[in-house]
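Participant: Got a sequence here, can you model it:
(one chain, ligands or ions: 1)
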Amino acid sequence: MSGAPKRPDLTERFGAREADGIVRCDACPVLCRIRPEKLGACGRYANREGELVRTDPVVFAQRVAEEGGTMVPFAGTAWDGSLVHEAETFVTGIGSGTTYPDYKPAPHIVASQHRGVDTVTVVSEGIFSYCGAKVKIDTDRHLGPEQAVVRAKGEPIGHVTTAEYGSQMLALGGVNHLTGGGKAEGRTTCESLLALCNGEALEVSIDDGAKVRLQAGQAPVVDGEPEERMRAGCGSAVAGMFAQQFFGKADEVVVVDDHITAVLTEHQAGRCLDMPPSGLRVRGRKSTPGRYFQVAEPGAGWGGTDLTDPLLLIERIDQGKAWPGMRVLFTSTTGEDALFCRLDENFQLQPEALPSELEAVVTRIGENCEPSLVSVLFMAGAGGSLRSGVTENPVQLTRAVKSGDCRVTMGGAPVYHWPGGGITVMVDVLAMPKEAFGYVPTPALVAPIEFTLPASLYQGLGGHMDQVQSLDEVLASYGETASVTPWREGNPWPLEANGRNGGRR
Ligand code: SF4
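Facilitator: The predicted model follows:
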């Protein structure tokens with residue numbers, strides 16, 4: 001394509017020209033009046049030569065069909081402005097802009113054909129006041145008590161929520177921190193969510209807990225120490241999984257875990273192997289045979305407890321059952337900590353070097369640990385006025401999303417749609433193209449969102465049919481100003497995905 005790059009007339013679409021070369025941006029409630037060669041308050045729009053422009057390029061995602069049906073991503077990341085006919089193109093909401101007030105149709109309503117079916121994709125950048133991030137941190141280490149406040153730059157931005165199996169969980173953001181507190185709290189919450197969702201690192205501190213460095217897809221750093229391993233299982237699970245490998249090499253094994261500490265000979269796994277009781281009694285609240293809760297305080301020691309010496313677990317040793325020379329292994333659930341002891345004539349446990357055959361089992365526990373990672377799911381409510389940019393009868397869109405007839409994606413990534421009312425979605429930020437998120441100073445996050453559905457259904461639910469453009473028209477209107485990204489492997493192609501809105505394959 002030759003000549004100056006074409007740009008869509010954003011001044012008309014998202015704002016208006018005013019006197020003295022000023023342009024007004026109507027893309028969000030702030031309604032910035034932008035002087036020549038200046039940026040709007042969010043940095044997403046600018047006044048260039050008296051025209052309103054979006055400062056980030058619109059992003060098209062492309063994949064190419066190979067003969068035989070296997071799909072491979074389009075290799076280029078820059079576009080020469082020509083249409084790539086052998087590629088399939090999906091217009092993402094990234095860089096597409098936002099129409100406000102909400103009765104205006106979405107920036108792009110794109111018609112395309114897929115397998116002979118006329119399809120429409122409604123493309124926008126949503127402004128989300130009700131949004132946040134659910135953060136999963138693969139570690140047993142105690143990061144802070146449940147409900148403790150999580151802070152960035154000293155401002156509250158979320159809290160510690162219910163732990164999951166092998167992972168600590170944070171709930172960050174949400175409308176109460178964005179708009180329900182002070183200005184600094186709202187601004188810091190917005191900045192923090194933006195950084196996390198765009199894949200940048202974020203330092204947080206937890207009241208009465210740890211300082212943690214969070215970055216999607218990277219290992220968490222807890223109080224300056226990078227976490228390496230997620231536990232192989234709880235103490236009871238590790239005792240069961242490796243019982244046969246411990247058998248004959250140790251007379252007793254204690255798997256130290258903040259959740260369930262296991263004592264093998266008392267545990268069902270040891271009983272099934274006919275291991276004689278060792279007479280070792282550990283502290284804590286007995287749950288079922290060989291499984292103990294609350295053996296210590298939570299902390300950064302062995303197995304997510306505050307213990308650095310596992311012998312402190314021992315409450316007593318029953319001399320009627322134990323015997324001098326008895327071999328006892330203590331291990332954590334990640335295999336990062338292990339201690340071998342032998343019972344002496346005075347019924348005292350004496351540490352010795354770990355025998356190589358037991359070291360191999362401890363190493364095997366470590367091999368069964370997955371790498372410790374931080375995962376970030378962006379969660380937002382799209383069930384409000386944003387729907388009017390899609391259809392004149394918003395509840396119909398909600399119903400179509402619920403039934404699975406309308407596929408929701410964010411930057412092309414599949415979302416999980418929560419059951420019940422509204423359009424409440426979650427998306428893995430790593431399944432989205434980089435730098436997909438922005439913000440506005442209200443404060444709220446801006447995220448791409450696309451609704452894909454059959455054209456006949458779109459018409460039936462009151463869609464803005466007079467605004468439908470062909471894919472070629474949209475591509476041509478951006479020319480060289482657009483950016484092309486390869487389709488992300490693992491993301492279902494939105495035009496052919498049927499059924500409920502779910503996660504990645
Ligand atoms: S904050 Fe950004 S989107 Fe909102 S009016 Fe200003 S420039 Fe436009």
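
Participant: who's in contact with the residue of the stretch 101-250 of the chain found nearest the ligand?
Facilitator: Proximity of the stretch 101-250 of the chain to the ligand (C-beta to the nearest ligand atom) peaks at I127, 8.0 Å away. The way it works is simple: take the backbone N, C-alpha and C, and place the C-beta from them, glycine included. By C-beta atoms under 8 Å, 6 or more residues apart in numbering, the residues touching I127 are C28, T98, Y100, L386, V440, T442, A444, L445, V446.

Participant: Let's see that with 10 Å instead.
Facilitator: 27-29, 42, 98, 100, 102, 380, 384-386, 438-440, 442, 444-447 (C-beta atoms under 10 Å, 6 or more residues apart in numbering).

Participant: Please pick the buried ones from the residues you listed.
Facilitator: With burial judged by 16 or more other C-beta atoms under 10 Å, the buried subset of those is 27-28, 42, 98, 100, 102, 380, 384, 386, 438-440, 442, 444-447.

Participant: Show the pLDDT at the residue of the stretch 101-250 of the chain closest to the ligand.
Facilitator: I127 carries a pLDDT value of 94.

Participant: Heading C-terminal from the helix or strand that contains it, find the next helix or strand.
Facilitator: Secondary structure from DSSP states H and E places I127 in strand 117-128. Using DSSP H and E, the helix or strand that directly follows strand 117-128 along the chain is strand 131-137.

Participant: What residues sit buried inside stretch 339-355?
Facilitator: L339, F340, C341, L343, L349, L354.

Participant: Over to stretch 283-296?
Facilitator: Those would be G284, G290, R291, Y292, V295, A296, for stretch 283-296 by 16+ other C-beta under 10 Å.

Participant: will you turn the residues you listed into CSV that also has pLDDT?
Facilitator: Below are those laid out as CSV (pLDDT from 0 to 100):
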residue, pLDDT
G284, 96
G290, 97
R291, 98
Y292, 97
V295, 97
A296, 96
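
Participant: Next, give me the two most distant ones among those.
Facilitator: Pairwise distances across these (C-beta to C-beta) peak at 17.3 Å, for the pair G290 and A296.

Participant: Alongside the ligand, which residues does the chain contribute?
Facilitator: Residues of the chain lying close to the ligand by C-beta under 6 Å from any ligand atom are 25, 27-28, 30-32, 40-42, 44-45, 440-441.

Participant: if we go to 8 Å?
Facilitator: Contact residues (C-beta under 8 Å from any ligand atom) of the chain with the ligand: 14-15, 25-32, 34, 39-45, 98, 100, 440-442, 446.

Participant: By proximity to the ligand, which residue of the stretch 51-200 of the chain wins?
Facilitator: T98 (6.6 Å).

Participant: Isn't that residue up against D26?
Facilitator: Yes - using C-beta atoms under 10 Å, T98 is in contact with D26, at 9.3 Å.

Participant: Return every residue with contacts to both of those two.
Facilitator: F14, Y45, K104.

Participant: List the contacts of the residue lying closest to E392 once chain neighbours are set aside.
Facilitator: Nearest residue to E392, sequence neighbours excluded (C-beta to C-beta, 6 or more residues apart in numbering): G462, at 4.2 Å. Each residue near G462 by C-beta under 10 Å, 6+ apart is listed here: S388, V390, T391, E392, N393, P394, V395, Q396, L397.

Participant: What residues sit buried inside the strand or helix carrying the last one?
Facilitator: When you say that, I think you mean L397. Using DSSP H and E, L397 falls within helix 394-403. Neighbour-count burial for helix 394-403, counted by 16+ other C-beta under 10 Å, picks out P394, Q396, L397, T398, A400, V401, K402.

Participant: In ChimeraX, select just the buried ones from the shared contacts of T98 and D26.
Facilitator: To isolate the buried ones among these in ChimeraX, judged by 16+ other C-beta under 10 Å, type:
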select :14,45,104
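
Participant: which ones among the shared contacts of T98 and D26 are found in strands?
Facilitator: Using DSSP state E, the subset of the shared contacts of T98 and D26 located in strands is Y45.

Participant: Include pLDDT when you put the shared contacts of T98 and D26 into JSON lines, please.
Facilitator: Below are the shared contacts of T98 and D26 laid out as JSON lines (pLDDT from 0 to 100):
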{"residue": "F14", "pLDDT": "85"}
{"residue": "Y45", "pLDDT": "94"}
{"residue": "K104", "pLDDT": "86"}
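
Participant: From the shared contacts of T98 and D26, pick the one nearest E164.
Facilitator: E164 has its nearest neighbour among the shared contacts of T98 and D26 in Y45, at 39.9 Å by C-beta to C-beta.

Participant: I'd say that closest one and L31 touch.
Facilitator: No - Y45 lies out of contact with L31 (C-beta under 10 Å); the separation is 11.3 Å.
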